[in-house]
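Peer 1: Need the 3D shape of this:
(chains A, B, C and D)
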There are 2 protein chains.
Amino acid sequence: MNEQHLKWDDLQVVLAIARAGSLSGASRRLHISHATVFRRLNAIEARLGATLFERHRHGYTPTLAGEDLAATAERVQDEVNSAERRVIGQDLKLSGTLRITTTDTLFAGLLCPVIAEFRQQYPSITLEVVISNQVQSLSRREADIAIRPTRKPPETLVGRAVGDITLAVYGQKEHWQATPALFEPSLMLKENWIGPDVHLGDAALEKWMMDKNATYRLDSMLGMQLAARQGTGITVLPCYLGDADQMLLRLSQPIDALTTQLWLLTHPDLRHVARVRAFMAAITEGVSEKLAKASRATASKQNAQAE
Amino acid sequence: MNEQHLKWDDLQVVLAIARAGSLSGASRRLHISHATVFRRLNAIEARLGATLFERHRHGYTPTLAGEDLAATAERVQDEVNSAERRVIGQDLKLSGTLRITTTDTLFAGLLCPVIAEFRQQYPSITLEVVISNQVQSLSRREADIAIRPTRKPPETLVGRAVGDITLAVYGQKEHWQATPALFEPSLMLKENWIGPDVHLGDAALEKWMMDKNATYRLDSMLGMQLAARQGTGITVLPCYLGDADQMLLRLSQPIDALTTQLWLLTHPDLRHVARVRAFMAAITEGVSEKLAKASRATASKQNAQAE
DNA sequence: AAACGGCTTTGCATGAATGAACAGCATTTA
DNA sequence: TAAATGCTGTTCATTCATGCAAAGCCGTTT
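Peer 2: Residues are numbered from 1 along each chain as shown, chains lettered A, B, ... in the order given. Okay, here's the model as predicted:
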């Protein structure tokens, strides 16, 4: 036997195939061509003199040896990711790339102009924005900063709460403008409600909507906003989104049970990275003012009704 | 920041530079060109945006980040080596490569014909023989099988003792053939002794030679054999070596304090590899007979004197 | 039954990586 | 003191690895 048959990068290929269960799945995980995955696996097996995967038409299943290597690869991956974070965590330059993950609602309703301003302020920092309602793993280096509404952030991450996100009932202005009062939601059960489907992933909202019997469900707040604009029914939206929409009218006070906080989160290892700090400061400044403005709009409407 | 800047193979380069302290040293460790080391390190640093080594004319020293990555790389190396041994340890084929390490003395005096016979018997097995008096690490995959004289083998390895290696005093036949008796070594203190230097690495032999005042020292048994052939003095040699040399004559009984055992050692993970088993069986059979023959030659000479 | 989607496998052109050779500088050796 | 040695750094030609495109097979959907 020669000294070393296993190239360290080989483990990454084995892991991707084992976890994806196919060559094409692995190629998508690794962002390389499936032809390359195919050839690299065959080269690895030839070098080791061992069969790592059983071939099927629908894909590949690992042998015992293949699974052993995949488990090893996971441990190596943790080591590599930790090391990389530690090294990059010392970066004091206001340049380089930042990868941000946030929801479509937050991006469209709150963050877009703030990020544009940050771009002007720090042109040397390259931004990659992942707009997804799926959770991106910060420890797995899928993103550097997460901007999310949450009532309880993960303990493994660090960050700050920027402000409260209040939610209230909204309806089409054209339909509801002749009714100036704010309603108690429990008195609106006979209305047609537009609600969230299970993919939106807000358990508290789903629970709150249970007695509303929504027969029109969408998987995003933006979708619910668009539906309410059509006069199809009433729905619950974040105040920053609903209040800014000229075609919608606020129909209730903010609903305490649905209030969340907006959190900026990053991995502890990255908290001293200069561009991470700069970005979080800019978002905090730009967004907390907008959330405060939404809060003031709530109070103004209440005073107007008292007169 | 992009998802991943650190290629897993990068760690290997960083480790080699950190431990060798220079690009050329690292290139020798990795068996690649120093130009490649130079370029790969610069590429790694550019990707990470961090300085891993300080440059000097005499070589490179790691920064804190570089040392951190090197420590990580060592852990990864252990993982990779263990995984490879486990996978290869299931290999049941009588083909592939075997890497053997043994001493120059054992190779020249005992193993050469036995290995040649093994080559004829298993032509599909490629042998790489490292002849060195330095210890080669089996856990670091520098060799698969070690053949060594030792009185106490390392506990982390597995193997078998093939037989005893006896050592006795030898002198030039031309000079000593008129003196048929065997001497007690303590009565030969006034002779000119040829001894081992410190690099031979046999502490028991060095201790035994202390009162012999050897003023001609060599760093190998083969060297001591050649010197004794010239009639320069008397020396201590393994019986399998001295008895087979027509120009030398045995002058003493085997010296109990110097007797060692010949061990075949391998890593526990490799003990079921078919070619490892085949090689160890062949060496055991071929060598134990030769060591027994040396033992019989001792008894015959003693009987001749009793008559 | 045809179309579609997902899988694996193969050939060719291109880009990336590597080794060989060279150059320069400082230190060591004869 | 000159030559040898060992280091880093650069250029050019070659080799290797990769992506693109194509082909084949099979199961599912229309």
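Peer 1: Could you pull out the helices in the stretch 1-150 of chain A for me?
Peer 2: Under the criterion DSSP state H, counting those that start in this stretch, the stretch 1-150 of chain A contains helices at A:8-20, A:23-30, A:34-48, A:64-88, A:104-106, A:112-121.
Peer 1: contact partners of the fifth one?
Peer 2: Contact with helix A:104-106 is made by A:131, A:132, A:133, A:147, A:148, A:149, A:220, A:221, A:222, A:238, A:241, A:262, as judged by CB atoms under 8 Å, 6 or more residues apart in numbering or on different chains. C-betas here are computed from N, CA, C, even on glycine.
Peer 1: any chance you could map the strands in chain A?
Peer 2: Taking DSSP state E, the strands of chain A run over residues A:53-56, A:59-62, A:96-102, A:125-131, A:145-150, A:158-165, A:167-172, A:193-196, A:216-218, A:234-238, A:248-250, A:260-266.
Peer 1: Where does confidence bottom out across the contacts of helix A:104-106?
Peer 2: On pLDDT alone, residue A:133 ranks lowest of the contacts of helix A:104-106, at 74.
Peer 1: Phi first, then psi, for the spatially closest residue to it that is not a sequence neighbour.
Peer 2: Spatial nearest neighbour of residue A:133, excluding adjacent residues (CB to CB, 6 or more residues apart in numbering or on different chains): residue A:103 at 5.3 Å. Per-residue torsions, residue A:103: phi -90, psi 160 (degrees, to the nearest 10).
Peer 1: Check residue A:103 and give its pLDDT.
Peer 2: Value for residue A:103, per-residue pLDDT: 89.
Peer 1: With residue A:140 instead?
Peer 2: So residue A:140 comes in at 73 (pLDDT).
Peer 1: The one 5 residues further on too?
Peer 2: The predicted local distance difference test score for residue A:145 is 92.
Peer 1: need the contact list for it.
Peer 2: A:98, A:99, A:100, A:101, A:138, A:264, A:265, A:266, A:276, A:279, A:280.
Peer 1: can we see that at 10 Å?
Peer 2: Applying CB atoms under 10 Å, 6 or more residues apart in numbering or on different chains to residue A:145 gives the contacts A:98-102, A:127, A:129, A:138, A:157, A:159, A:264-267, A:270, A:273, A:275-276, A:279-280, A:283, B:1.
Peer 1: how close does it get to residue A:266?
Peer 2: Between residue A:145 and residue A:266 the computed distance is 5 Å (CB to CB, to the nearest Å).
Peer 1: Pull up the overlap in contacts between the two.
Peer 2: Both residue A:145 and residue A:266 are in contact with A:98, A:138, A:157, A:159, A:273, A:276, A:279, A:280, where contact means CB under 10 Å, 6+ apart.
Peer 1: Just the buried ones out of these, please.
Peer 2: Among those, those classed as buried by 16 or more other CB atoms under 10 Å in any protein chain shown are A:98, A:138, A:157, A:159, A:273, A:276, A:279, A:280.
Peer 1: Among these, show me the least confident.
Peer 2: Lowest pLDDT among those: residue A:138, 78.
Peer 1: excluding its backbone neighbours, what's nearest it?
Peer 2: residue A:267 (4.7 Å).
Peer 1: ok, the one you found to residue A:118 distance?
Peer 2: Separation of residue A:267 from residue A:118 (CB to CB): 20 Å.
Peer 1: Those two: which is more packed in?
Peer 2: Neighbours were counted for residue A:267 and for residue A:118 using other CB atoms under 10 Å in any protein chain shown; residue A:267 has more, 26 against 21.
Peer 1: between the helices of the stretch 1-150 of chain A, which gets nearest to residue A:293?
Peer 2: helix A:112-121 (12.9 Å; CB to CB).
Peer 1: The closest one close to chain B?
Peer 2: No - using CB under 10 Å from any CB of the partner chain, helix A:112-121 stays clear of chain B, with a minimum separation of 15.6 Å.
Peer 1: what's next to that helix, contact-wise?
Peer 2: Contact partners of helix A:112-121, identified using CB under 10 Å, 6+ apart, comprise A:94, A:98, A:100, A:102, A:106-107, A:111, A:125-127, A:129, A:147, A:278-279, A:281-287, A:289-290.
Peer 1: just to revisit the earlier point, right, and the helices of the stretch 1-150 of chain A - which one's nearest residue B:294?
Peer 2: The minimum distance between residue B:294 and the helices of the stretch 1-150 of chain A falls on helix A:34-48, with 41.2 Å, by CB to CB.
Peer 1: for that closest one, which positions count as buried?
Peer 2: Buried residues in helix A:34-48, counted by 16+ other CB under 10 Å: A:37, A:40, A:41, A:44, A:45, A:48.
Peer 1: out of those, which touch chain B?
Peer 2: residue A:48.
Peer 1: need the buried residues of helix A:34-48 in CSV with pLDDT, can you?
Peer 2: Putting the buried residues of helix A:34-48 into CSV (pLDDT from 0 to 100) gives the following:
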residue, pLDDT
A:37, 92
A:40, 92
A:41, 92
A:44, 91
A:45, 89
A:48, 86
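Peer 1: Let's have the buried residues of helix A:34-48 in TSV, adding distance to residue B:196.
Peer 2: Below are the buried residues of helix A:34-48 laid out as TSV (distance: CB to CB, whole Å):
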residue	distance to residue B:196
A:37	56
A:40	51
A:41	52
A:44	46
A:45	48
A:48	42
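Peer 1: how about the buried residues of helix A:34-48, which pair is most distant?
Peer 2: The most distant members of the buried residues of helix A:34-48, if one measures by CB to CB, are A:37 and A:48, lying 16.5 Å apart.
Peer 1: coming back round to it: including distance to residue A:64, could the buried ones among the shared contacts of residue A:145 and residue A:266 go into a markdown table?
Peer 2: Converted to a markdown table, these look like this (distance: CB to CB, whole Å):
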| residue | distance to residue A:64 |
| --- | --- |
| A:98 | 42 |
| A:138 | 33 |
| A:157 | 36 |
| A:159 | 42 |
| A:273 | 41 |
| A:276 | 42 |
| A:279 | 46 |
| A:280 | 46 |
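Peer 1: ok, of those residues, which one's closest to DNA strand D?
Peer 2: DNA strand D has its nearest neighbour among these in residue A:98, at 24.5 Å by CB to the nearest atom of the strand.
Peer 1: which residue sits closest to residue A:53, ignoring its sequence neighbours?
Peer 2: The nearest residue in space to residue A:53 (CB to CB, 6+ apart) is residue A:60, at 4.1 Å.
Peer 1: so where's chain A uncertain?
Peer 2: Counting by pLDDT under 70, chain A contains low-confidence residues at A:1-4, A:134, A:180, A:295-307.
Peer 1: Up against DNA strand D, what does it have?
Peer 2: Contacts of chain A with DNA strand D, taken as CB under 7 Å from any atom of the strand, map to A:32, A:33, A:35, A:36, A:39, A:40, A:57.
Peer 1: From those residues, pick out the ones that also neighbour DNA strand C.
Peer 2: Answer for the residues of chain A next to DNA strand D near DNA strand C (CB under 7 Å from any atom of the strand): A:35, A:39, A:57.
Peer 1: ok, so of those residues, who is nearest DNA strand D?
Peer 2: residue A:35 (3.4 Å).
Peer 1: so what's the residue of the stretch 201-307 of chain A found nearest DNA strand C up against?
Peer 2: Proximity of the stretch 201-307 of chain A to DNA strand C (CB to the nearest atom of the strand) peaks at residue A:219, 19.8 Å away. Each residue near residue A:219 by CB under 10 Å, 6+ apart is listed here: A:133, A:196, A:197, A:198, A:199, A:200, A:201.
Peer 1: ok, the residue nearest to residue A:53 to DNA strand C distance?
Peer 2: Counting by CB to the nearest atom of the strand, to the nearest Å, the gap from residue A:60 to DNA strand C is 5 Å.
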